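Participant: Quick one, what's the 3D model for this:
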Amino acid sequence: MRTLYIRIVVTMLVVILTSSLLGFLFANIYYQVKLKPFNDEKVTEMARGIQSFYQENETVSLDSYLQSVGALGYELFLTDGKMESNYFGGEFRKNELPEKTVQQVLTGETYHGIDTFETGFFITGFFDNDVRNTIGVPIKTDGETKALFLRQDPEKQFGELRIFFRDDSYIYIDY
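Facilitator: Below is the predicted model of the structure:
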């Protein structure tokens, strides 16, 4: 009787562990193949929208505009490639960006850091709060080109969902 119990427990543990690993593996593959390019495209569209809106409305203060965008759930990094750099919205946990990348954007190219961001095999890059995990577009202000790097702020974007799952407002009924 005791050996049957041990076999059932061991079998259940093996099944649970195997299914968890396979589920995580398939979720990671799905992220790398489908979601990563989709997120890159979605954030690129947002960055180009910010870029074109500002180019059409240059009387608007760029800092105020980017603060408003940051408040909507985005993290932004604006730099002239020299001395001036500003962050808007949430803060990046890692904020080291290669000079080559900044120069690439300043010359007019779009930087697709979300799509090219390297992660480990079992790690998705969506939540990695790194300035290299952004989309970069050039933006002209006051006759000067600056590089704007943008990504979604997962903490703000998923904050309500997290609050929903963490909600302690249960209804207690006394009998």
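Participant: drop to CA atoms for contacts and neighbour counts, all remaining ones
Facilitator: OK.
Participant: So, low pLDDT: which residues of the chain?
Facilitator: For the chain, the stretches with pLDDT under 70 are 1, 119-129, 154-175.
Participant: Helices of that one, start to end?
Facilitator: 2-30, 36-56, 62-71, 99-106, 113-116, 154-157, 159-166 (DSSP state H).
Participant: Just say which of those is most tucked in.
Facilitator: Burial of those is given as mean neighbour count (mean count of other CA atoms under 10 Å); helix 113-116 ranks first at a mean of 20.
Participant: List the buried residues in the longest strand along the chain.
Facilitator: Counting residues, the longest strand found in the chain (DSSP state E) is strand 144-152. Across strand 144-152, burial judged by 16 or more other CA atoms under 10 Å covers 145-152.
Participant: hang on, the earlier thing: now for the helices of the chain, which one comes closest to Ile139?
Facilitator: helix 36-56 (5.8 Å; CA to CA).
Participant: Mind giving me the packing neighbours of the closest one?
Facilitator: helix 113-116, strand 135-141, strand 144-152 (3 or more CA pairs under 8 Å, 6 or more residues apart in numbering; DSSP states H and E).
Participant: Out of the ones you listed, which gets nearest to Gly89?
Facilitator: Here strand 144-152 is closest among these (CA to CA), at 9.6 Å.
Participant: what angle sits between the closest one and helix 36-56?
Facilitator: 140 degrees (axes from the mean of the first three to the mean of the last three CA atoms, to 10 degrees).
Participant: ok so, going back, just send the helices and strands packed on helix 36-56 back as TSV, with distance to Thr3 too.
Facilitator: Shown next, in TSV, are the helices and strands packed on helix 36-56 (distance: least, CA to CA, whole Å):
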stretch	distance to Thr3
helix 113-116	51
strand 135-141	58
strand 144-152	53
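Participant: Which one of those lies nearest to Ala71?
Facilitator: So among the helices and strands packed on helix 36-56, strand 144-152 is nearest, using CA to CA, at 10.9 Å.
Participant: Would you mind confirming that Gly90 makes contact with Phe77?
Facilitator: No: the pair formed by Gly90 and Phe77 falls short of the contact definition of CA atoms under 8 Å, at 10.0 Å.
Participant: The two: which has the busier surroundings?
Facilitator: Phe77 (23 against 20; other CA atoms under 10 Å).
Participant: separation between that one and Leu66?
Facilitator: Noted for Phe77: a distance of 9 Å to Leu66, by CA to CA, to the nearest Å.
Participant: Find residues that contact each of the two.
Facilitator: Phe88 (CA atoms under 8 Å, 6 or more residues apart in numbering).
Participant: what's near enough to touch the spatially closest residue to Lys140 that is not a sequence neighbour?
Facilitator: What sits nearest to Lys140 in space, not counting adjacent residues and going by CA to CA, 6 or more residues apart in numbering, is Lys146, at 6.1 Å. Shown in contact with Lys146 (CA under 8 Å, 6+ apart): 78-81, 106, 138-140.
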